[in-house]
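> Show me the folded form of this:
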Amino acid sequence: MNSAATHTLLERTNHMTHIVLDALTYSRLMDAFLVVALDAGAAQDADAFKIALGEIAGIWPESVLSSYDRRERFSVVE
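Below is the predicted model of the structure:
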């Protein structure tokens, strides 16, 4: 198995502080960011905005991290 495949999502990012939020807190935070961004005309696509925010700020809902880690642990890399 390739050792790179065993790294978690958090280990692959740029070592910024990461915040893992429960689903309700994450939803409320995303809703607030979207309101601000849409008011400013900064976001055309809500999903793209959420993905970008996650990548830039390291903010992910628990469900994303747990499902990602599960896929990584059980995936076969040749």
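> pLDDT below threshold where in the chain?
Confidence mapping of the chain against pLDDT under 70 gives the ranges 1-18, 39-49, 52-53, 56-58, 60-78.
> Run through the neighbouring helices and strands of the longest helix seen in it.
For the chain, the longest helix by residue count, based on DSSP state H, is helix 23-40. Applying 3 or more C-beta pairs under 8 Å, 6 or more residues apart in numbering; DSSP states H and E, one finds that helix 23-40 makes contact with helix 46-57, strand 59-61, helix 62-74. From N, CA and C alone the C-beta is placed, and that goes for glycine too.
> Isn't Met30 up against Lys50?
Yes. Using C-beta atoms under 8 Å, Met30 is in contact with Lys50, at 5.6 Å.
> what's the neighbour count on Tyr26?
20 (other C-beta atoms under 10 Å).
> Let me fix that, I meant to ask about Thr25.
13.
> repeat for the one 5 residues further on
With neighbours defined by other C-beta under 10 Å, the count for Met30 comes to 18.
> now swap in Ser27 and tell me
Ser27: 12 neighbours (other C-beta under 10 Å).
> again with Leu34
Applying other C-beta under 10 Å, we find 16 residues neighbouring Leu34.
> and if you look at Leu24?
9.
> With Lys50 as the reference, measure out to it.
Shown here: Leu24 relative to Lys50, a distance of 15 Å by C-beta to C-beta, to the nearest Å.
> try Ile19
Distance from Ile19 to Lys50, by C-beta to C-beta: 14 Å.
> Comparing these two, which shows the higher neighbour count?
Lys50 (18 against 12).
> burial count for Arg32?
Rather than Arg, residue 32 is Ala. Per other C-beta under 10 Å, the neighbour tally for Ala32 reads 10.
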